[in-house]
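Asks: Quick one: sequence plus predicted model below, questions after.
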Amino acid sequence: MNFNSKNPFLNSKRFSSNTESRTEVHQAQIIDYNQEMTVSGTINKTAILFLILCGAAMVTWWMAFNGMNPMLPTIGGAIIGFILVLVSSFKPQLSPYLAPGYALFEGLFIGGISAIFELKFPGIVINAVGATLVTFLVCLGLYKFRIVKVTEQFKSVVVAATLAIATYYLISWVVSMFTSWTPVHYGNSMMSIGISVFVIIIAALNLFLDFDLIEKGAREKMPKFMEWYGAMGLMITLVWLYIEFLRLLSKLSSKD
């Protein structure tokens, strides 16, 4: 059975489906290297999205620390960001417009949720940012020097685990809304901390799938808009990883 990345952006089907448009362009003999996806181009797009996200995050962060309620833009950002993810997953050619929008609204969410954690656990945000950055750099290095190789078996394990986590989160959220049951990943028990560590490991492993599929897209000379698509997918994984680090660090801090 062939599994691909859980990330709705970075999956082989999505990249392969755009091979047809690339083939049509070559058949028409309109070949322009500048209109093809490259790794460097994707890196540049990722940097742009990161700056937009940080800029938007500063807005809700400033609101929280200046006596204003940031909940509306925080929740609204999360909802709109999710909608943009869904739209772009079906319309990747719109990624040059949707990806910056995603970064903007997801930034509002990240800034608000970060401020909430920071107010309760001072210093937690800088630690979560540092942990996310270090994890990203380590995974990038392991992938670049081929210490970790993304095989089909590797993909199968990571995607299966990611799907299991997503399913568990969804079911526990729905059940807790209508019952008094408290999910085991809530609180600061050893079981809860263990689950957070496991989720962080799986989120980090998803970075390898992201790197592999971006590289594959560039190698197969996908259309230029796929740079925005790939960058957006990588940002989604990094945001997930950052949120999970916030959760883990908050659990560890509450045990002190």
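Replies: That came through, no problem.
Asks: What is the subsequent helix or strand relative to the helix or strand of the chain at the bottom of the mean pLDDT ranking?
Replies: One helix or strand of the chain scores below all others by mean pLDDT, DSSP states H and E: helix 19-27, with a mean of 47. Where DSSP states H and E defines the elements, the next helix or strand beyond helix 19-27 is helix 39-64.
Asks: ranges for the helices of the stretch 51-200 of the chain?
Replies: Ranges of helices within the stretch 51-200 of the chain are 71-90, 95-120, 124-144, 152-178, 190-219, based on DSSP state H, counting those that start in this stretch.
Asks: List the buried residues of the last one.
Replies: Going back to what we said before, that points to helix 190-219. By neighbour count with 16 or more other C-beta atoms under 10 Å, helix 190-219 contains the buried residues 192-193, 195-196, 199-200, 202-218. All C-beta spots, glycine's among them, are computed from the backbone N, C-alpha and C.
Asks: ok, now stretch 70-84?
Replies: Going by neighbour count (16+ other C-beta under 10 Å), the buried part of stretch 70-84 is 70, 73-74, 77-78, 80-81, 84.
Asks: Send over that stretch as PDB, restricted to the C-alpha atoms.
Replies: Output of stretch 70-84 as PDB, limited to C-alpha atoms (Å, rounded to 0.1, in the frame of the first residue of the first chain):
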ATOM      1  CA  PRO A  70      -7.000  39.000  20.800                       C
ATOM      2  CA  MET A  71      -9.500  36.100  20.700                       C
ATOM      3  CA  LEU A  72     -11.500  37.300  17.700                       C
ATOM      4  CA  PRO A  73      -8.600  37.600  15.300                       C
ATOM      5  CA  THR A  74      -7.000  34.500  16.900                       C
ATOM      6  CA  ILE A  75     -10.000  32.300  16.300                       C
ATOM      7  CA  GLY A  76     -10.900  34.000  13.000                       C
ATOM      8  CA  GLY A  77      -7.300  33.500  11.800                       C
ATOM      9  CA  ALA A  78      -7.400  29.800  12.600                       C
ATOM     10  CA  ILE A  79     -10.700  29.300  10.800                       C
ATOM     11  CA  ILE A  80      -9.800  31.300   7.700                       C
ATOM     12  CA  GLY A  81      -6.300  29.800   7.500                       C
ATOM     13  CA  PHE A  82      -7.900  26.300   7.600                       C
ATOM     14  CA  ILE A  83     -10.300  27.300   4.800                       C
ATOM     15  CA  LEU A  84      -7.400  28.600   2.700                       C
END
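Asks: ok now it, how far from the chain's centre?
Replies: 15 Å (C-alpha atoms, centre = their mean, to the nearest Å).
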